[in-house]
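> return a 3D structure for these sequence lines:
(chains A, B, C and D)
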2 protein chains.
Amino acid sequence: MAVAPERELVNQWRDLATCYNKTAAALDRELQEQHGMGLSEFEALDRLVESGEEKVRMHQLASDMYLSQSALSRTVARLERSGLVERAICYDDRRSVFVRLTETGSVRHGQARDTHRHVLADHLDR
Amino acid sequence: MAVAPERELVNQWRDLATCYNKTAAALDRELQEQHGMGLSEFEALDRLVESGEEKVRMHQLASDMYLSQSALSRTVARLERSGLVERAICYDDRRSVFVRLTETGSVRHGQARDTHRHVLADHLDR
DNA sequence: AGACGTTACATGCAGGCGCATGAAATGCGC
DNA sequence: GCGCATTTCATGCGCCTGCATGTAACGTCT
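Numbers count the residues shown, from 1 in each chain, chains lettered A, B, ... in the order given. Next up, the predicted model:
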């Protein structure tokens, strides 16, 4: 009688893992094929747009993402290389780096957003 | 009125991603530190034990895991290198490979299992 | 001002993953 | 039995990740 909750816990974990991995894989595939960007890139863009701010510090961006600091640094580097984002010096605190959405970044995000939401609707049931 | 469900969907996805990544990271860290094995290794062992069978085909093992076929192949290779598992030829179908738990594999799984369940209890609420 | 601990990013490195491919065994149609 | 598509697993390759570390800027204490 004390073993049932444990099985329940494991099943819950497996469902979580399966659902996450399937959804993440689908998102990454669709975003890559249709918009030439990976999942982390899109998620970073999405946070950036959503913040409402014109430019956001790396650290702040990292804070509400699951990515590590180093992974975010490289993600932003990829976005910059693609021209979707620009880095700018923060004069208040010269250690920090501002990340700013470019014009094309805004457009590309808008397009990718539809794909993103659509895949989510397909894989997450309410 | 038609935008609220969309936000809800995105929030659901973010919660899922955050929960999964935090849990997976904790599992991997604890299993690595305390038992010298990664998360995929443990999950594979767990499926193996749970099957009840003495030996299981690779393909069957892969079927109820989120891992790709190539990733599973390497995971089993690592387990074999650590002596927790053995590969055996399947004489019915010589393309297939049986995976069999070793004595030490069984012991190590039993130990790691406690860590695994404990971490799950910490990170998943019912 | 000078020294020291802290914070914010970038980067070398090792390791895991998925995709595409390779190699071997199987099954199917003729 | 022969050829050809299919299945099953292994592996080369490129990419991404986290950890540990390096570098520069900041803050504090004296």
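> what strand or helix carries the nearest residue to A:Gln69 once chain neighbours are set aside?
Of all residues beyond its chain neighbours, the one nearest A:Gln69 is A:Ala62 (5.5 Å), with distances taken as C-beta to C-beta, 6 or more residues apart in numbering or on different chains. C-beta: built from backbone N, CA, C; applies to glycine. Secondary-structure element containing A:Ala62, defined by DSSP states H and E: helix A:58-63.
> is that helix anywhere near DNA strand D?
No - interface with DNA strand D: helix A:58-63 contributes nothing (C-beta under 7 Å from any atom of the strand), its closest point being 9.6 Å away.
> CA atoms only: put that helix into CSV for me.
Extracted as CSV, the C-alpha positions of helix A:58-63 are listed here (Å, rounded to 0.1, in the frame of the first residue of the first chain):
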residue,chain,number,x,y,z
MET,A,58,21.8,39.1,-20.7
HIS,A,59,21.5,38.3,-17.1
GLN,A,60,17.8,39.3,-17.0
LEU,A,61,17.2,37.3,-20.1
ALA,A,62,18.9,34.2,-18.5
SER,A,63,16.9,34.5,-15.3
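> which residues touch it?
Helix A:58-63 has contacts (C-beta atoms under 8 Å, 6 or more residues apart in numbering or on different chains) with A:Ala44, A:Arg47, A:Leu48, A:Ser51, A:Ser68, A:Gln69, A:Leu72, A:Ser73, A:Val76, A:Ser96, A:Val97, A:Val99.
> let's see it at 6 Å
A:Arg47, A:Gln69, A:Leu72, A:Val97 (C-beta atoms under 6 Å, 6 or more residues apart in numbering or on different chains).
> do stretch A:88-107 as well
Residues outside stretch A:88-107 that contact it (C-beta under 6 Å, 6+ apart) are A:Leu48, A:Lys55, A:Val56, A:Arg57, A:Met58, A:Val76, A:Gly83, A:Leu84, A:Val85, A:Glu86, A:Arg87.
> the most centrally placed residue in chain A sits in which helix or strand?
Computing the C-alpha centroid of chain A and ranking residues by C-alpha atoms, centre = their mean puts A:Glu43 first, at 1.8 Å. Per DSSP H and E, A:Glu43 falls inside helix A:39-51.
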